[in-house]
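J.: here is my input; please provide its structure:
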Amino acid sequence: MTKNEKFSCYDCAFAVMARVHVREGEQVRCLKAEELFGGERWVKVRRSEKTGKLLKPKCKQFRPFVGDTTRYPDPKTSRRYRQTCDLCDGKGTITVSFMNGTELMRCYKCNGKGKIQREDKK
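T.: This next block holds a predicted model:
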């Protein structure tokens with residue numbers, strides 16, 4: 001291992017499975033964390049906020065994977081994009097009818113932003 005090489009959780013010998021959660025992001029199931037803490041443990045994969053590249057794990061238990069590279073956990077790449085809210089048509093407000101008339105209300109689907117963040121999985 002050279003000093004410039006960067007390894008991520010995907011390259012670790014303890015990584016078993018990988019998944020992508022909409023709210024938490026990318027995660028890897030870690031055997032070392034399960035051994036230390038018990039139960040099924042999913043570890044968040046760290047990415048650089050500027051470049052989006054994978055960063056080294058913080059756990060200090062990293063062990064490089066040696067052997068068949070076909071057993072690497074496959075990260076499911078997803079593309080995030082913003083889509084106009086179909087309920088309020090991007091205005092952020094909806095018209096609500098009450099018994100005494102109509103009132104404007106903040107859209108409950110997009111929280112008044114007018115756009116919804118969607119995720120397209122490949």
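J.: ok, the closest residue to residue 19 other than its chain neighbours to residue 116 distance?
T.: Beyond its immediate neighbours in the sequence, the residue positioned closest to residue 19 (CB to CB, 6 or more residues apart in numbering) is residue 27, lying 5.5 Å away. The C-beta positions use only the backbone N, C-alpha and C, and glycine is treated the same way. When distances are taken as CB to CB, to the nearest Å, residue 27 and residue 116 turn out to be 23 Å apart.
J.: report the beta-bridge partners for the residue nearest the centre of the chain.
T.: A centroid search over the chain (CA atoms, centre = their mean) returns residue 25, at 1.2 Å, as the residue closest to the centre. Beta-bridge partners recorded for residue 25 (DSSP bridges): residue 21.
J.: ok, residue 102 next?
T.: Beta-bridge pairing of residue 102 under DSSP bridges involves residue 97.
J.: what's the pLDDT at the closest residue to residue 54 other than its chain neighbours?
T.: By the measure of CB to CB, 6+ apart, the closest residue to residue 54 outside its immediate chain neighbours is residue 8, 3.6 Å from it. We note a pLDDT of 78 for residue 8 in this prediction.
J.: surely residue 8 is in contact with residue 56?
T.: Yes - checked against CB atoms under 8 Å, the pair residue 8 and residue 56 is within contact range at 7.0 Å.
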